[in-house]
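Visitor: Model the following, please.
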Amino acid sequence: MDFGTLALPALIGLIAVALIFDFLNGLHDAANSIATIVSTRVLRPQYAVAWAAFFNFIAFLFFGLSVAQTIGTGIIDIKAVDPHVIFGALMGAIVWNLITWWAGIPSSSSHALIGGLVGAGVAKAGPGVVVWAGLSKTSAAIFLSPAIGFALALLLMLLVSWLFVRSRPHLVERVFRVVQFFSASAYSLGHGGNDAQKTMGIIAVLLYSQGYLGAEFSVPFWVVLSCQAAMGLGTLFGGWRIVRTMGSRITHLTPMQGVCAETGGSIMLFTATHLGIPVSTTHTITGCIIGVGAARRVRAVRWNIASGILIAWIITIPASAFVSALCYWALNIFF
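Guide: All right, here's what the predicted structure looks like:
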């Protein structure tokens, strides 16, 4: 098979694989949107996932496509992209997502995809294919997004605690159970706005490599809708193993803490999406949850769980890159 000009059925099949990844991204990262609102018992899990899925889907109405542009052109040289590279990248990311989902580890689907692109690209053309400026910016976000999320959530928690210090506890809980509907919605919107664009970038660069987009890289509207829908469906099916880790094993959450964590995460995601930085929603909300737990007292955070998650974050890009390189070489052997 000549992958220089891919046959239409094969192209459709590869786009379907990309949408499967997007579905698994929603499934894997459902916990990011719903862990806090479920653990505070503001919404039952089945209602929470439907709530999050709706806001995941409509995110394209609120954000531009700068993150998709970064994924499509800012990780590896666009001239090196072909269907082999895309297939290897997607399989590396999918395999890593399934491993971490099964183990209940909230790793980053975003960085799994980026690692997949790097691994398949390097397997094809060597290290020179990597756009180091774009990869460095994304890699820096591995550490910055949870750190900034931690700081924002911690500050918000301290501020809100000071404002309500003289209020009766049951009144505070009643107020924040209502407010959390809005903070959870904002976070789900930010999640859909940043994460779905990563698959948009993959499909768009595939179409570009096959000559379907002309001379200029762009993201067709049908790709936008398909990716938002696939992510929303994935979220609708939920990721209950990871919800347990995010919502209760790191620290116990109250509605006030849930609001502060989601608000801090929303601020981070909205800013990153505006700047075109493909951050990890998993990293962001985990940092926020640890931040609100530490605001209560440092010992409230189960640091052994948090440190295990951190190790998973660090190895995600190299692990998915290795798997994607293997998939790239295997495909070349058989085709």
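
Visitor: Please name the residues that touch residue 14.
Guide: Residues near residue 14 by CB atoms under 8 Å, 6 or more residues apart in numbering: 6, 83, 86-87, 90, 206. No exception for glycine: its C-beta is placed from N, CA and C like everyone else's.

Visitor: Max pairwise distance over these: which two?
Guide: Using CB to CB, the pair of the contacts of residue 14 lying farthest apart is 6 and 90, separated by 14.3 Å.

Visitor: Among the contacts of residue 14, which are located in strands?
Guide: Among those, none falls in strands (DSSP state E).

Visitor: Among these, which one sits closest to residue 22?
Guide: residue 90 (9.8 Å).

Visitor: Compute the distance between that closest one and residue 84, please.
Guide: Residue 90 is 11 Å from residue 84, where distance means CB to CB, to the nearest Å.

Visitor: Who has more neighbours out of the two?
Guide: With neighbours defined as other CB atoms under 10 Å, residue 90 and residue 84 compare such that residue 90 has more, 27 against 19.

Visitor: surely the more buried one meets residue 116?
Guide: Yes: taking contacts as CB atoms under 8 Å, residue 90 lies within contact range of residue 116: 6.5 Å.

Visitor: what residue ranges in this structure score low on pLDDT?
Guide: 1-6, 30-33, 35-36, 40, 104-106, 238-252, 296-310, 335 (pLDDT under 70).

Visitor: Where do the helices of it begin and end?
Guide: Secondary structure of the chain by DSSP state H: the helices cover 8-39, 45-57, 66-73, 83-103, 109-125, 132-163, 169-209, 221-237, 240-244, 255-275, 281-296, 303-334.

Visitor: residues near the nearest residue to residue 131 once chain neighbours are set aside, how many?
Guide: Spatial nearest neighbour of residue 131, chain neighbours left out: residue 74 (5.5 Å); criterion: CB to CB, 6 or more residues apart in numbering. Around residue 74 there are 21 other residues, counting by other CB under 10 Å.

Visitor: which ones are touching residue 74?
Guide: By CB under 8 Å, 6+ apart, the contact set of residue 74 is 131, 133-134, 137.

Visitor: tell me the phi and psi of it?
Guide: According to degrees, to the nearest 10, the main-chain angles of residue 74 amount to phi -110, psi 10.

Visitor: how close does the residue of the chain positioned farthest from its centre get to residue 263?
Guide: Centroid-distance maximum for the chain: residue 166 at 38.3 Å, with CA atoms, centre = their mean. According to CB to CB, residue 166 stands 22 Å off from residue 263.

Visitor: again, but for residue 53
Guide: To residue 263, residue 53 is 21 Å away according to CB to CB.

Visitor: Surely residue 123 and residue 325 touch.
Guide: Yes: counting by CB under 8 Å, residue 325 is a contact partner of residue 123 at 4.0 Å.

Visitor: got any residues that touch both of these two?
Guide: Going by CB under 8 Å, 6+ apart, residues that sit against residue 123 and also against residue 325 are residue 88.

Visitor: Enumerate every residue touching the nearest residue to residue 199 once chain neighbours are set aside.
Guide: Setting aside the residues directly before and after it, residue 199 is nearest to residue 22 in space (CB to CB, 6+ apart), at 4.0 Å. Going by CB under 8 Å, 6+ apart, residue 22 touches 196, 199, 227, 230-231, 234.

Visitor: picking that back up, separation between the residue farthest from the centre of the chain and residue 172?
Guide: In terms of CB to CB, residue 166 sits 10 Å off from residue 172.

Visitor: same question, residue 44
Guide: Noted for residue 44: a distance of 22 Å to residue 172, by CB to CB.

Visitor: Compare these two (neighbour count), which wins?
Guide: Ranked by neighbour count (other CB under 10 Å), residue 44 and residue 172 place residue 172 first, with 18 against 10.

Visitor: Please verify my assumption that the more buried one contacts residue 164.
Guide: Yes: here residue 172 reaches residue 164: they are 5.1 Å apart, a contact under CB under 8 Å.

Visitor: Common neighbours of those two, please.
Guide: With CB under 8 Å, 6+ apart, residue 172 and residue 164 have common neighbours residue 256.

Visitor: Residue 72 is in contact with residue 205, correct?
Guide: Yes: applying CB under 8 Å, one finds residue 205 in contact with residue 72, separated by 4.1 Å.

Visitor: who touches both of the two?
Guide: In contact with both residue 205 and residue 72: 78, 217, using CB under 8 Å, 6+ apart.

Visitor: What residues does residue 272 make contact with?
Guide: 67, 141, 145, 194, 278-279.

Visitor: Grab the two from the residues you listed that are most spread out in space.
Guide: So, the contacts of residue 272 by CB to CB: farthest apart are 67 and 145, at 13.2 Å.

Visitor: residue contacts, residue 107?
Guide: 96-97, 100, 282, 309, 312-313, 316.

Visitor: And for residue 234?
Guide: 22-30.

Visitor: can we see that at 10 Å?
Guide: Taking CB atoms under 10 Å, 6 or more residues apart in numbering as the contact definition, residue 234 lies against 19-30, 49, 53, 56, 109, 195-196.

Visitor: which one is residue 107 nearest to, not counting chain neighbours?
Guide: Per CB to CB, 6+ apart, closest to residue 107 is residue 100, 4.1 Å.
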